[in-house]
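>>> Can you look at this prediction? I've put the sequence above it.
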Amino acid sequence: MSRIDNLPYNPNELERELAPYYICASKNEIQEMMDTIGVKELKDLYSHIPKEVLMTEGPKELGERLEYEQLVAHVEDLAKKNNLKTSFLGDGLQQYKVPSVVPFVCDIRGLTTAYTPYQPERSQGTLWTLWMYSSTLSMLTGFEAINASFYERSTCLFEACNTATRIKRKTNKVIISEGIYPGDLEVLRTHAKETSLELITLPIDEETGLTDIDAAKSLIEKEKDSLAAFAFCQVNNLGLVEDVNALTDLCTEANIQSIAIIDPMLLATEGLLAPSLYGSNDQGADMIVGEGQHLAIGPNWGGPGLGIFGIRYNDKNKTAIRSTAGRYIGKGEDGSGKTCLSIVLSTREQHIRREKATSNICSNQSFLASAAGAGILARGEEGMTESMMAGRELANQIFVELSKYQELSATYPHSPFFNEIIFTFNGDLDVLMQRASEAGIHLGVKVDERIKKNNQLKMSFSDLQNDDDLEKLINFLDDHLTAQESEEELYTPEIPGALLREGEVGLPNFTEEEIKNFYIQLGEMNVSPDDNIYPLGSCTMKYNPYINDYAANLQGFTDTHPQAPMVDTQANLEILFETQEMFKSITGLPGVVTQPVAGAQGELVGLKLFQAYHRDRGNAQKKNIILIPRSAHGTNPATATMAGFETKKVDGVQYGIITIEADANAEIDFEQLKNVVAEYGERIAGIMVTNPNTAGIFETRFKEMADLIHSVDGLVYMDGANMNAIAGWVDLGAMGVDAVHNNLHKTWTIPHGGGGPGDAIVGVSERLLDYIPGLQVKKENDQFVAFKTPKSIGSFHRHHGNFAHKVRCYTYLKALGSEGVKQMSAIAVLAAKYLYHQLKDTYPTLPARSENSPRMHEFILTLTDDEFSKIAAAGTPKSAAIAKIGKLFLDFGLHAPTVAFPEVYGLMVEPTESFTKKELDDFISVVKEIKLIINEHPQVLQTTPHFTPIKKVDEVSANKNLDLFERITSFPNLPKNVIDPGELSAMMPSDVTKKILVAHEASSN
Ligand SMILES: Cc1ncc(COP(=O)(O)O)c(C=O)c1O
């Protein structure tokens, strides 16, 4: 029997799953496209690129591709190499039972593979999943505004600190309780370095293991003039329950922001006090941050995480939200008065505010948020309490059991805990833990360093541990420890009533079937690259192989805890090691960072590495200029600001970002660049350039540019969002790149998840090797070992970043092999050039006057002035025309191209390698038909889209009257597609036009 037969899906029934390299055009079709555009060989697609930067052999390290069946066997066998044991590790990354609804939702491709819901009419599915997440979290926390997530708890905390300094102007300090997880503190410090944010840590009291309220008060008093906030935990890293009321009151008295670090799982009915009720003010904590991964999935060796962030938004506080970062989902109405959802408050975000944005975050953890929302609904009111209380009861029980051994004593016998306990072992804890591991138990986490005491064991409990696990634990302890002689009755410390929730959360109790039906309907409201071209330029919406998800969901991977010993996670280390080595080969660079979890975070890693390099050479102060082309993605300038390159003029001297314009070929204006280098010379820290650039054009003078920047000891960041045009063909090392990110959710087939999780692997040059953050992996005598680089700049995410996505990417790379990488990018370029060739006579293209610059994997279409005038005369002003044309694509069953970026009047199209020539031809017919509509029936733009479940969303009013959550009591009555996208794309385009005209008439009357 074949390994394929056991898969939970049948690849033979999936149109794109078995195509070699996931390229669906046949050989003949590829030849036809090449003939049409006049190229003989695929390598001719790269003939305009200087030879000195082309790879001679391609990414050799990847070797031969694995056939599908081999691939299944390979990933299955790898997953089995990890040793899963009875685990009491937890420690901020607890594992709970996952309700069966969650994997069901994770298999709905309309949800997993969809793009960020910037086109709300075609993304109601994603928006409703996020609404369920934010609303259920609002119910648990009492906070009215929960954003659509950040990467994980520690990045949330950084964003919260920055928010606090914006709310409390002229402040730059935040006190951080040392009760937070050490990994979180490391991430926070790494981010804060060389920014104006100053972190002051407050130690935990040695006697109680809790925050010393008096010490906190004195510190606040001492720092009060420049203090923005105090961040503290509800349950600290020793598992102890803090007096959040007293801590919040200290903040209220000092008029600083209180940032509470919560665990949503512990806020269920009968659990801990909701943060909206902390203290004696009537608003509770000002902000909340927390981790939500365990609401939806296993620990996955640390990632993807789910960063929960919330702020109050009510009659007493309507302004603070505007200082926060991240996407919010708001309720509003469409043109016909139907209830619908959209992203709101975007004017704070990087794609609009650029260097003035509140954060650089673009992709967040959207899909995990969706899954967490489903996880909460699936558990319901009683289920949440049951899951939570199971851990609580076990913790109490084991606390008593452990106290019965002579060698163990509760470290803080009088401090309250919830579901984690801490004991002092009178002996060598390492030996005990090692023996436990041999007996199949990950006993817990050694936390000596947190409290400067030896042999401290912390154990965590949840609904996952069953009677067998407990028996195994007790048997082990009985075998290795000695029972106390006295039989005195043992008690656990009580949690004071004021720190517990009063009353019920009131979560709804739906049946599994109701929940599944709801999410199935949501999937149908989106579109997926499974079914058709998803032409979003810059976003690379290609096919996401099922096998990647299958591999990532193997229990051997999902259930590994990042604090398990390395000998038990060898398969994970092997994957990281191989991924590291394969990306060295793909980029041509000697170093690779696997930790960053999104393109924007990759950029930040790059700039922080630049700072470390300059600091090491004594130039930290001097290097304060970053060069960025005007056409750059918003994350680039936002990242520069976040890294500490604030754009400002002081005494007439420019600091921060200097914008570089484009020349007539739509490449970097080299003359301007030379002038800027001549003027700012030694002050240039680096340049950030997207290549191919955001117009789909290769920067042919990249190497010259890099040499120029290097000549003043500046460094070169390449935004690699467009690697899918050049991977396997261009050697970034030869081009002079010092750091580059590879968005895994673009080129490397990770699903977009409706906005995230993303992931980014960063390649670095020799100059930056010593400073690499996170963990590197090496192979020593057949063992894989993680280590830190000598001058590591720290960490950007706990542990190994978004490991589950690394598994997906690894699986994809194994399916490609060396040759596949080259084929993948070449066919992506071929498909785009073919489309461009077929459309360039119908549509003018942008950037203006650069018609002759060779396009690569994407291109930008626009309209003639006459057409804009015609549209304006029919009621749609030029400023709104492009967005409205984007909506016309929805009427043809497609997603819109990227509208108004990087050119305000442009539609950026990127087809990718995933589609057949027939599909590309059908798309061409649609785009041409749209041109006919624009010319002959421009009035329809006023009423587009017509066939989506809702009409055009009134985003202005959704932003004006912010409605950010509801108490969920029933599922909404969801609107249905007027015509199914699949049906629309199967129709003749002219027939769709007829329907559009009828629908337009109907909506105009
Ligand atoms: C050119 C470019 N750079 C950076 C990014 C940011 O990547 P991420 O969304 O993974 O943070 C994007 C994302 O769309 C992009 O297109």
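It's in. Numbers count the residues shown, from 1 in each chain.
>>> ok, and the closest non-adjacent residue to the residue of the stretch 501-650 of the chain found nearest the ligand?
The stretch 501-650 of the chain approaches the ligand most closely through G599 (2.3 Å), counting by Cβ to the nearest ligand atom. For the C-beta atoms, the positions are set from N, CA and C on the backbone; glycine is no exception. Of all residues not flanking G599 in the chain, N743 sits nearest, at 4.4 Å (Cβ to Cβ, 6 or more residues apart in numbering).
>>> Pretty sure that neighbour sits against N722.
No: N743 lies out of contact with N722 (Cβ atoms under 8 Å); the separation is 9.2 Å.
>>> Could you tell me which residues touch both of these two?
Taking Cβ atoms under 8 Å, 6 or more residues apart in numbering as the criterion, N743 and N722 both touch T540.
>>> Let's see whichever strand or helix holds A73 as PDB, backbone CA atoms only.
Here A73 is covered by helix 68-81, with elements defined by DSSP states H and E. In PDB, the C-alpha atoms belonging to helix 68-81 read as follows (Å, rounded to 0.1, in the frame of the first residue of the first chain):
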ATOM      1  CA  TYR A  68       5.200  13.000  -4.000                       C
ATOM      2  CA  GLU A  69       5.200   9.600  -2.400                       C
ATOM      3  CA  GLN A  70       8.900  10.000  -1.300                       C
ATOM      4  CA  LEU A  71       8.000  13.300   0.100                       C
ATOM      5  CA  VAL A  72       5.200  11.900   2.200                       C
ATOM      6  CA  ALA A  73       7.400   9.200   3.500                       C
ATOM      7  CA  HIS A  74      10.200  11.600   4.200                       C
ATOM      8  CA  VAL A  75       8.200  14.000   6.300                       C
ATOM      9  CA  GLU A  76       6.400  11.300   8.100                       C
ATOM     10  CA  ASP A  77       9.600   9.500   9.000                       C
ATOM     11  CA  LEU A  78      11.200  12.800  10.100                       C
ATOM     12  CA  ALA A  79       8.300  13.600  12.400                       C
ATOM     13  CA  LYS A  80       8.700  10.200  14.100                       C
ATOM     14  CA  LYS A  81      12.300  11.000  15.000                       C
END
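>>> Averaged pLDDT, that helix. What do you get?
Helix 68-81 carries an average pLDDT of 98.
>>> Equivalent analysis for stretch 638-654, please.
96.
>>> residues of that stretch that come out buried?
Applying a neighbour-count criterion of 16 or more other Cβ atoms under 10 Å, the buried positions in stretch 638-654 are 638-645, 647.
>>> Any part of stretch 342-353 near the ligand?
No: Stretch 342-353 does not reach the ligand (Cβ under 6 Å from any ligand atom); its nearest approach is 8.4 Å.
>>> what's S409 sitting at in phi/psi?
Backbone dihedrals for S409, given as degrees, to the nearest 10, come out at phi -140, psi 140.
>>> Name the residues linked to it by a beta bridge.
Beta bridges link S409 to T424, judged by DSSP bridges.
>>> Give me the neighbour count for it.
Residues lying near S409 (other Cβ atoms under 10 Å) number 14.
>>> again, but for D249
Residues near D249, counting by other Cβ under 10 Å: 18.
>>> what's the helix or strand for it?
helix 244-254.
>>> wouldn't Y412 be in contact with G209 here?
Yes: using Cβ under 8 Å as the test, Y412 is close enough to G209 to be in contact (4.0 Å).
>>> Please name every helix or strand in contact with the lowest-mean-pLDDT helix or strand in the chain.
Of the helices and strands making up the chain, the lowest-confidence element is helix 350-353, at a mean of 90, by mean pLDDT, DSSP states H and E. Counting contacts by 3 or more Cβ pairs under 8 Å, 6 or more residues apart in numbering; DSSP states H and E, helix 350-353 packs against helix 635-643.
>>> Point out the residues in the chain that sit beside the ligand.
Within the chain, the positions adjacent to the ligand are 362-363, 538-539, 598-600, 633, 635, 690, 694, 719, 721, 743, 758, 760 by Cβ under 6 Å from any ligand atom.
>>> on that earlier part again, could you point out the helix or strand that follows the least confident helix or strand of the chain?
By DSSP H and E, the next helix or strand past helix 350-353 is helix 366-403.
>>> Which positions in that following helix come out as buried?
Residues of helix 366-403 classed as buried by neighbour count (16+ other Cβ under 10 Å): 366-381, 383-385, 387-392, 394-396, 398-399, 401-403.
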